[in-house]
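Chemist: need a 3D model of the sequence below.
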Amino acid sequence: MKKYVFGTVIAAIVIAVLVVVGVMQLRGDDTGAGESAQAPGMESGAADGQDVAERPDCPAGPIAGVDLECLGGDDAGEGDKADEGITIANVWAWWCEPCRAELPHLDEVAESHPDWKVIGVHADKNAANGAAFLNDVGVDLPSFQDPDNSFAGTLGLPGVVPVTVILRDGEVIKQAAQPFTSADEIEKTVKEALAG
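Modeler: Modelled structure (predicted):
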């Protein structure tokens, strides 16, 4: 009887380990990330040695005082600056399903409001997955890469994605920790923040 119980316990442990390893391999990461509620910047697989797809150039940083590298593009240099005028910064991650639905609406806002800078902040270590994700959903927004959560951490953002931050000349005037479902909804939120 003792051998049976011992064998059963060992078998259960082995099965549990195999299930965890299998799930991690299927997802291709080690974050446990779902649709949201995962802290931005959590490791989702290393980008070391991976090629990052070419993406649009970013306005020159910093953004709200935080220096970040451009995801798949270059900084605009001395011309266009992220902290001048109205900037809408959307914090997203490649594994976030609400981000996949929301980012095209932000792209639409950027096209209809050239006076606003609409940018992304990819809150994950895997730059290659981030750039591929944006290309896959057909989003042309420039995006910064934030592998260590410095943007969200510096601004005290909630530990979820997506989060949209509205800035005026580099100063935060509103944070919206929610997925937007239309360009109209984003525009309304920005206009209310600017009027407030």
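Chemist: centre-most residue in this protein?
Modeler: Ranked by distance to the mean C-alpha position of the chain (CA atoms, centre = their mean), the top residue is W92 at 2.1 Å.
Chemist: that one contacts I119, doesn't it?
Modeler: No - assessed by CB atoms under 8 Å, W92 is found out of contact with I119, at 10.7 Å. Where you see a C-beta, it was placed from the backbone N, CA and C, and this is true even at glycine.
Chemist: returning to that earlier point: so who does the nearest residue in space to the residue nearest to the centre of the chain that is not next to it in sequence touch?
Modeler: Closest residue to W92 apart from its sequence neighbours, by CB to CB, 6 or more residues apart in numbering: C99 at 3.9 Å. With contact set as CB atoms under 8 Å, 6 or more residues apart in numbering, C99 has these partners: W92, A93, V161, P162, P179.
Chemist: pull the number of nearby residues for the fourth one.
Modeler: I take that to be P162. Residues near P162, counting by other CB atoms under 10 Å, number 26.
Chemist: and the pLDDT at it?
Modeler: pLDDT, P162: 97.
Chemist: look up phi and psi at it.
Modeler: Main-chain dihedrals, P162, degrees, to the nearest 10: phi -80, psi 150.
Chemist: that one and A132: what is the separation?
Modeler: Computed as CB to CB, to the nearest Å, the P162 to A132 distance reads 18 Å.
Chemist: show me where the protein dips below the pLDDT cut-off.
Modeler: Within the chain, the ranges that satisfy pLDDT under 70 run 1-50, 76-79.
Chemist: now do the phi/psi pair for A82.
Modeler: With angles defined as degrees, to the nearest 10, A82 sits at phi -60, psi -30.
Chemist: nothing else from me, thank you.
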